[in-house]
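Novice: Sequence and predicted model, in that order:
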Amino acid sequence: AQKVIQVWSTASRQEGEELTLDCSYETSQVLYHLFWYKHLLSGEMVFLIRQMSSSTAKERSGRYSVVFQKSLKSISLVISALQPDDSGKYFCALWELEVRGSALGRLHFGAGTQLIVIP
Amino acid sequence: NAGVIQTPRHKVTGKGQEATLWCEPISGHSAVFWYRQTIVQGLEFLTYFRNQAPIDDSGMPKERFSAQMPNQSHSTLKIQSTQPQDSAVYLCASSLDRGLGGRDTQYFGPGTRLLVL
């Protein structure tokens, strides 16, 4: 079963608008982290922002912020003041710390959402 | 501060040939991960090293694929007798370690695009 689900495969907005990308996940672990990455045309996967399951802080990094709804197992990436360079594919990823303490280390990725920002 | 380096960026092989992909993690990072990206399967985990030791290779195809980390500055992914279905972007990532507190963030290289004809 897929652990990370990104429902929208594509999205488009006008420059200057704000966008919310949704992600839902499945885990039975108490401690886990959620990441957002952006996949560039060059092939590089760029880390954007991280949310720890144990944190209630509203994470923010520049124009990126997250909306974390732990009880719903949902995390959304909010990008404000969109720019054409924000176009790209955005991936949500889950990292779990297993109860026995041995983190496997792998990330589970969603299918990604392709964003197009229209100038 | 150099990021994760992957070479080559593009590789074309004939069916049945061998392909070796290289990854140089960020200096000081103790964990190295390999992932594969295809249109059909998306991003799949392959294998993971910590302090050069193989920790989890559960994502590796049992035949033809192998990975090594002979020293802390590079890891290789080798595919023997390549098949067209091996065509994919192979991504390498590194992190400080597997622990908590932000040290687990994985930073990715640009990937190697492998095409098997």
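Specialist: Sure, I can see it. Numbers count the residues shown, from 1 in each chain, chains lettered A, B, ... in the order given.
Novice: switch to C-alpha atoms for all contacts and neighbour counts from now on
Specialist: Fine.
Novice: isn't residue B:89 right next to residue B:38, touching?
Specialist: Yes: Residue B:89 sits in contact with residue B:38 when judged by C-alpha atoms under 8 Å, with a separation of 6.7 Å.
Novice: Neighbour count: these two, which is higher?
Specialist: residue B:89 (21 against 14; other C-alpha atoms under 10 Å in any protein chain shown).
Novice: what separates that one from residue B:53, distance-wise?
Specialist: Noted for residue B:89: a distance of 24 Å to residue B:53, by C-alpha to C-alpha, to the nearest Å.
Novice: quick one: low-confidence ranges for the chain?
Specialist: In the absence of a named chain, this looks at chain A. Applying pLDDT under 70 to chain A flags the ranges A:98-104.
Novice: right idea, wrong chain: chain B
Specialist: For chain B, the ranges with pLDDT under 70 are B:1, B:98-103.
Novice: What about whichever residue of chain A sits closest to chain B, how many residues nearby?
Specialist: Chain A approaches chain B most closely through residue A:44 (3.9 Å), counting by C-alpha to the nearest C-alpha. Neighbours of residue A:44 under the rule other C-alpha under 10 Å: 17.
Novice: My guess is it contacts residue B:112. True?
Specialist: No: if you go by C-alpha under 8 Å, residue A:44 and residue B:112 don't touch, sitting 10.0 Å apart.
Novice: Quick check: residues of chain A near chain B?
Specialist: Within chain A, the residues that sit near chain B (C-alpha under 8 Å from any C-alpha of the partner chain) are A:42-47, A:50, A:103-111.
Novice: Quick one: buried ones out of these?
Specialist: Buried members of the residues of chain A next to chain B, counted by 16 or more other C-alpha atoms under 10 Å in any protein chain shown: A:43-47, A:50, A:103-111.
Novice: Filter those residues down to the ones in strands?
Specialist: A:45-47, A:50, A:108-109 (DSSP state E).
Novice: Check the spacing between the residue most central in space within chain B and chain A real quick.
Specialist: Centroid-nearest residue in chain B, with C-alpha atoms, centre = their mean: residue B:34, separated by 3.0 Å. Distance, residue B:34 to chain A, using C-alpha to the nearest C-alpha, to the nearest Å: 9 Å.
Novice: That residue: what's it in contact with?
Specialist: B:45-48, B:90-93 (C-alpha atoms under 8 Å, 6 or more residues apart in numbering or on different chains).
Novice: cutoff 6 Å now
Specialist: B:46-47, B:91-92 (C-alpha atoms under 6 Å, 6 or more residues apart in numbering or on different chains).
Novice: tell me which element it is part of?
Specialist: In this assignment (DSSP states H and E), residue B:34 forms part of strand B:31-38.
Novice: Show the subsequent helix or strand relative to that strand.
Specialist: Heading C-terminal from strand B:31-38 (DSSP H and E), you reach strand B:42-50.
Novice: Next SSE downstream of that following strand?
Specialist: Next in sequence after strand B:42-50, counting helices and strands by DSSP H and E, comes strand B:53-56.
Novice: Which elements pack onto that next one?
Specialist: strand B:42-50 (3 or more C-alpha pairs under 6 Å, 6 or more residues apart in numbering or on different chains; DSSP states H and E).
Novice: by contact count, what packs against the strand it packs on?
Specialist: Judged by 3+ C-alpha pairs under 6 Å, 6+ apart, strand B:42-50 is in contact with strand B:31-38, strand B:53-56.
Novice: With distance to residue B:67 as added columns, please give these in JSON lines.
Specialist: Output for the helices and strands packed on strand B:42-50, formatted as JSON lines (distance: least, C-alpha to C-alpha, whole Å):
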{"stretch": "strand B:31-38", "distance to residue B:67": "9"}
{"stretch": "strand B:53-56", "distance to residue B:67": "9"}
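Novice: All set, thanks.
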